[in-house]
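Trainee: kindly generate the corresponding structure for this input.
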Amino acid sequence: MHHGPRLNHAPGWDVSPSTVYRDEKVAMLERVERLEDRVRELGPEPLPTRRKKVAVVVGLLVALVGTAVAIYVLGSVDGQTVMRSSAGHMITVRFGTTVRDVRWFDAKGTKKDPLVIPDYLQKGNDPVQASSTLIVPDEALSPTGTTSFVVRYRAFGIPRRATVSFDAKVTDVETTKRLLAGLPPWVAFSSHDEPYLYFSTLLAYKYALASITWGLDDGPLDRNVQFAPSNALGIAPTDQIYVKLPADARSVRVKLRYKDGTESDVRVFERKHHTLR
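Mentor: Below you'll find the predicted structure:
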């Protein structure tokens, strides 16, 4: 019997005619299917797993950044106010949270002592406070422009610092405008038959005023209160604290001019409503 040529093959290979002569594409598909089955046996698909890990990492990063921003904002200086006092300017800084170890320094780096905080905020030797106030004497103000201080403190245990600045002249005017806007009696009448008109309230703020002009009843604003110009709090002995009015005076009208050149509205004060009792 005649036999065809012998096929050489590697040991372990199936050499049946159905295997040797089948479509190679079918064989490739079968290999892919076997690999997919093997991957399923080993566990979840790699790509979704990587996506989950990335999502977790991104979520943690977002949370950390959000926490860091919150700590930074809460630990920052939340605002400042500057007020005139008999000892100078009182500058107060407010913090976004309670802080510790607050220290003040001037522009030259010299340490300044703030006002002592109330005892109820003291915790041992480590005071906790939500604000701090420094009194700045007039001689310590910058002769021109702004006066600056550095505040050092610890918020959430992290050392922080902030620069606080103010222009005394600008601050005095702006503060006085707000105070007088909410102050009903600028002047007062005495209860005499021929009353005296007192300007002592306005003169207390003369450090921010350029002039005080007034008129009687419906007459023109043609009278000025005489006072010595000053940048300090207080009334001088030569200031015109009062004037005597006619017995039939019913009211006065007052207008203020501030040192920044702005003027107030004309305000009317009636004798029957503003007489001292």
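Trainee: how about the nearest residue to S86 once chain neighbours are set aside, what does it touch?
Mentor: Once flanking residues are discounted, S86 sits nearest to L233: 5.7 Å by C-beta to C-beta, 6 or more residues apart in numbering. Backbone N, C-alpha and C define where each C-beta goes, glycine included. Applying C-beta atoms under 8 Å, 6 or more residues apart in numbering to L233 gives the contacts 84-86, 204, 207.
Trainee: ok, these vs A247, which is closest?
Mentor: If you rank those by distance to A247 using C-beta to C-beta, A204 comes first, at 28.2 Å.
Trainee: ok, then the element right after the longest strand anywhere in the chain?
Mentor: If you go by DSSP state E, the chain has its longest strand at strand 88-106. Once the chain leaves strand 88-106, the next helix or strand it forms, by DSSP states H and E, is strand 111-112.
Trainee: which residues sit against that next one?
Mentor: 103-106, 134, 149.
Trainee: how's this structure carved up into domains?
Mentor: Split into domains by automatic domain parsing, the chain comes to 19-73, 77-166, 172-270.
Trainee: give me the distance between K111 and R94.
Mentor: 21 Å (C-beta to C-beta, to the nearest Å).
Trainee: nope, R178 is what I was after
Mentor: 17 Å.
Trainee: just to revisit the earlier point, now the longest strand of the chain: buried residues?
Mentor: 88-89, 91-93, 95-96, 99, 102, 104-105 (16 or more other C-beta atoms under 10 Å).
Trainee: for that strand, give the mean pLDDT please.
Mentor: For strand 88-106, mean pLDDT is 93.
Trainee: run the chain-centre distance for it.
Mentor: 13 Å (C-alpha atoms, centre = their mean, to the nearest Å).
Trainee: and what of stretch 188-200?
Mentor: Centroid displacement of stretch 188-200 relative to its chain, using C-alpha atoms, centre = their mean, is 44 Å.
Trainee: CA-only coordinates of it, as PDB, when you get a sec.
Mentor: Extracted C-alpha coordinates of stretch 188-200, given in PDB (Å, rounded to 0.1, in the frame of the first residue of the first chain):
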ATOM      1  CA  ALA A 188     -28.200 120.300  72.200                       C
ATOM      2  CA  PHE A 189     -30.300 123.200  73.500                       C
ATOM      3  CA  SER A 190     -30.300 124.400  77.100                       C
ATOM      4  CA  SER A 191     -33.700 124.800  78.900                       C
ATOM      5  CA  HIS A 192     -33.200 128.500  79.600                       C
ATOM      6  CA  ASP A 193     -35.600 131.100  78.200                       C
ATOM      7  CA  GLU A 194     -32.800 132.400  76.100                       C
ATOM      8  CA  PRO A 195     -31.200 129.000  75.300                       C
ATOM      9  CA  TYR A 196     -27.600 128.100  74.800                       C
ATOM     10  CA  LEU A 197     -26.700 125.800  71.900                       C
ATOM     11  CA  TYR A 198     -24.000 123.300  72.700                       C
ATOM     12  CA  PHE A 199     -21.500 121.900  70.100                       C
ATOM     13  CA  SER A 200     -19.500 119.700  72.500                       C
END
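Trainee: list the buried residues in that stretch.
Mentor: Quick answer for stretch 188-200 (16+ other C-beta under 10 Å): 188-190, 195, 197-199.
Trainee: and if you look at stretch 199-210?
Mentor: In stretch 199-210, counting by 16+ other C-beta under 10 Å, buried: 199, 202-203, 205-209.
Trainee: and of these, the nearest to A140?
Mentor: Among the buried residues of stretch 199-210, and counting by C-beta to C-beta, the member closest to A140 is Y207, at 16.4 Å.
Trainee: pretty sure the closest one is in a helix, no?
Mentor: Yes: counting by DSSP: H, G, I helix; E, B strand; the rest coil, Y207 is part of a helix.
Trainee: does it touch A228 like I think?
Mentor: No: the pair Y207 / A228 is not scored as a contact, 11.1 Å apart, by C-beta atoms under 8 Å.
Trainee: how about low-confidence regions in the stretch 101-250 of the chain?
Mentor: Within the stretch 101-250 of the chain, the segments meeting pLDDT under 70 span 117-126.
Trainee: mind listing the helices for it?
Mentor: Here the stretch 101-250 of the chain has its helices, by DSSP state H, counting those that start in this stretch, at 168-181, 200-203.
Trainee: to D218, which of those helices lies closest?
Mentor: helix 200-203 (21.3 Å).
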